[in-house]
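> Pasting the sequence and the predicted coordinates here, then a few questions.
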Amino acid sequence: MRAGRAVARSILANGIILICGIATGVIAARLLGPENRGVLAVIVFWPQLIASLSTLSFNEAATFGIGRHPHDADRVAAGAVRMALLLAGPTVVLCWILIPLVMGDGRASWWPAARLYALMFVPANFLSLAFLAWDQGRLRFNAYNGLRIVAPAVYLAVVVLLGLAGRISVASVVAASLIAVYTLTFIQVGRARTLAKVPVQSGVLRDLARRGVSFHWAAGLMILSAQADRVVALRLFDDATVGYYVVALALSTLGLSAVTLAIHTVLLPTLSRAAPGAREALMARGLRGATLLLAVTTATIAVPAPAWVALFFGDAYYPAGNLTRALSVAFFLVALRSVTVLGLRGLGDGRGGAIAETISLAIFALVCVPLAWRWGPYGLAVAVGVAALPALAYLAAHVRRRHGLSATALWGLRPATVRDCAHAARSVWTR
């Protein structure tokens, strides 16, 4: 039950994070309006995407390495900090080069803002990832989750102050997000000053790089698959439509992100420490619980979606109501695929997840533009769902062949699963 309790507490932390995020988004969206909300998304999206694709999954490699060798946790964590600093510089240069290409000439006036954001965001973000891996790998989930709450809470607080002062603008909200990132980084640096004194051998960096690259094939494809719809939306739609899409996406993925992040937080280090014969059963149990939680959260958001949009964002965002329903169904399938891929990585099986993500990305690339031209943002929702189904079918076949688990064992809803989730929920507040 220890893993179940950790998952439940991680879901609670992710819920707090996402509530902060949705509250920040509501305030920004209401005060900026659909068009400026779309501009804000354009400025921060591309640097964050490029940064995510440039990490080489060094943080997950560190989490895995610490989980496998807990006696050497500080040395691996110190290596992750060095790796973060080594990767940050080239990533900023890459952002500087790519931003004009990906944003396009139509948004040239926002290139300097996006470049400045990348320059400030990347180093702090990479360091934060390294420090978080230190806690996650040691299974210190209370500290890990507590630290992850810091940035969204600070972001919300600063945006609230800006709103009260009547100073909300695209530039001020971007600055608020950077204040939040740097607040978290400074707290982490204070906690982990001892890592600066730990000598790091070149072998540690080589091991992190090798493991990170092996993870990053699947991780990079997962990032691209998860963000591909936003890439198309930002390239094809005007700023106002992007604003509607961002709002619908935030609502539709609210609960799904909480569950997926919780499974990722707990499952990777837990599976890395489990005895070889017990890992498959532990993964299946975790994925069945995730399936139940994903289904419940999807229904909770999708059924009353127009009412949620009206309540939180106001009449200006009315077009986002039914779009939220469509995206909720599509991203339920994406979340199911994602938690399965994450479970496989916890078993040390990155190949199956990489192939599944490749299938999904390839199909999305084939259908997204025609569907978006025909049905606008609704076409993107259809493309996301259509692309996820063949990947799920492949994962079911791969897991049965490689690990001896059926699709029912992975995603089936059993009475025992309901009892496990209820017990984990009750244990959130107990030791």
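Sure thing, it's come through. Numbering: from 1, shown residues only.
> residues in contact with F45?
By CB atoms under 8 Å, 6 or more residues apart in numbering, F45 lies in contact with Q227, R230, L234. To be clear about C-beta, it is placed using only N, CA and C from the backbone, and glycine gets the same treatment.
> If we only consider those, which is nearest to A114?
Nearest to A114 among these: L234, at 11.4 Å, using CB to CB.
> what's the neighbour count on the closest one?
By other CB atoms under 10 Å, 23 other residues sit near L234.
> That one and V102, how far apart?
Relative to V102, L234 is positioned 8 Å away (CB to CB, to the nearest Å).
> Kindly report the same for V382.
Applying CB to CB, the value for V382 to V102 is 24 Å.
> Same question for L413.
On the measure of CB to CB, L413 and V102 end up 41 Å apart.
> Among the two, which residue is more densely surrounded?
Set L413 next to V102 and count neighbours by other CB under 10 Å: V102 wins out with 17 against 13.
> ok, back up a step: what's the overlap in contacts for L234 and V102?
Shared contacts of L234 and V102, defined by CB under 8 Å, 6+ apart, comprise W46.
> For the stretch 51-200 of the chain, which segments count as helices?
Secondary structure of the stretch 51-200 of the chain (DSSP state H, counting those that start in this stretch): helices located at 58-68, 73-103, 111-137, 141-164, 170-191.
> Please name whichever of these is nearest to R210.
helix 58-68 (8.1 Å).
> ok, P152 touching G15?
No - judged on CB atoms under 8 Å, P152 makes no contact with G15 at a distance of 11.3 Å.
> Now the common contact residues for these two.
Shared contacts of P152 and G15 (CB under 8 Å, 6+ apart): none.
> about what we covered before: reformat the contacts of F45 as TSV; add pLDDT.
Formatted as TSV, the contacts of F45 follow (pLDDT from 0 to 100):
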residue	pLDDT
Q227	86
R230	89
L234	89
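> Just give me the closest of those to R167.
Distance to R167, by CB to CB, is smallest for L234 among the contacts of F45, at 26.2 Å.
> Kindly tell me how buried the nearest residue to V158 once chain neighbours are set aside is, as a neighbour count.
In space, and not counting its chain neighbours, V158 is closest to A176: 4.0 Å by CB to CB, 6 or more residues apart in numbering. Number of residues near A176 (other CB under 10 Å) recorded here: 21.
> Pretty sure A176 sits against G163.
No - the pair A176 / G163 is not scored as a contact, 10.3 Å apart, by CB under 8 Å.
> what's the distance between the residue nearest to V158 and A240?
Distance, A176 to A240, by CB to CB: 22 Å.
> among the helices of the stretch 51-200 of the chain, which is the most enclosed?
helix 58-68 (a mean of 26; mean count of other CB atoms under 10 Å).
> picking up where we left off before, so can I have JSON lines of the contacts of F45 showing distance to A275 and secondary structure?
Formatted as JSON lines, the contacts of F45 follow (distance: CB to CB, whole Å; DSSP: H, G, I helix; E, B strand; the rest coil):
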{"residue": "Q227", "distance to A275": "36", "secondary structure": "helix"}
{"residue": "R230", "distance to A275": "40", "secondary structure": "helix"}
{"residue": "L234", "distance to A275": "46", "secondary structure": "helix"}
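> can you redo those as CSV with distance to A130?
Shown next, in CSV, are those (distance: CB to CB, whole Å):
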residue, distance to A130
Q227, 22
R230, 26
L234, 29
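> quick one, what contacts T185?
Applying CB under 8 Å, 6+ apart, the residues near T185 are A124, L127, S128, F131.
> again with V259
When contacts are counted by CB under 8 Å, 6+ apart, V259 touches I11, N14, A290, L293, L294, T297, A335, V339.
> Please report how far it lies from A335.
Distance, V259 to A335, using CB to CB: 7 Å.
> okay, and the common contacts of these two?
L294.
> Output the below-cut-off pLDDT ranges for the chain.
1-8, 10-11, 258, 261-269, 272-273, 414-431 (pLDDT under 70).
> Excluding covalently adjacent residues, which one is nearest to A41?
V246 (4.8 Å).
> and the one you found, how many neighbours?
Residues near V246, counting by other CB under 10 Å: 25.
> repeat for A281
By other CB under 10 Å, the residues close to A281 number 13.
> what about it, helix or strand, and which?
Here A281 sits within helix 279-302, counting by DSSP states H and E.
> Kindly provide the distance from G163 to G21.
From G163 over to G21 the distance is 16 Å, taken as CB to CB.
> Sorry, wrong one. I was asking about P306.
Distance from P306 to G21, counting by CB to CB: 21 Å.
> One more: T298?
T298 is 18 Å from G21, where distance means CB to CB.
> the more surrounded of the two?
Each of T298 and G21 has its neighbours counted (other CB under 10 Å); T298 has more, 23 against 17.
> Not counting its neighbours along the chain, what's nearest the more buried one?
F332 is the one closest to T298 (CB to CB, 6+ apart), at 4.4 Å.
> buried residues in the strand or helix carrying the one you found?
Per DSSP H and E: F332 is located in helix 320-346. Within helix 320-346, the residues that qualify as buried are 320-321, 323-328, 330-346, counting by 16 or more other CB atoms under 10 Å.
> And L56, its phi and psi?
phi 60, psi 20 (degrees, to the nearest 10).
> list the contacts for it?
Taking CB under 8 Å, 6+ apart, we find L56 in contact with L87, A209, G212, V213, H216.
> Give me the distance between the residue nearest to V158 and M120.
12 Å.
> and if you look at P377?
P377 sits 31 Å away from M120, going by CB to CB.
> and if you look at G314?
Taken as CB to CB, the span from G314 to M120 is 31 Å.
> likewise A143?
A143 sits 26 Å away from M120, going by CB to CB.
> which ones are touching the residue nearest to D207 when sequence neighbours are not counted?
Leaving aside its sequence neighbours, D207 sits nearest to G65 (CB to CB, 6+ apart; 6.6 Å). G65 is in contact with D72, V76, G137, D207, L208, R211, counting by CB under 8 Å, 6+ apart.
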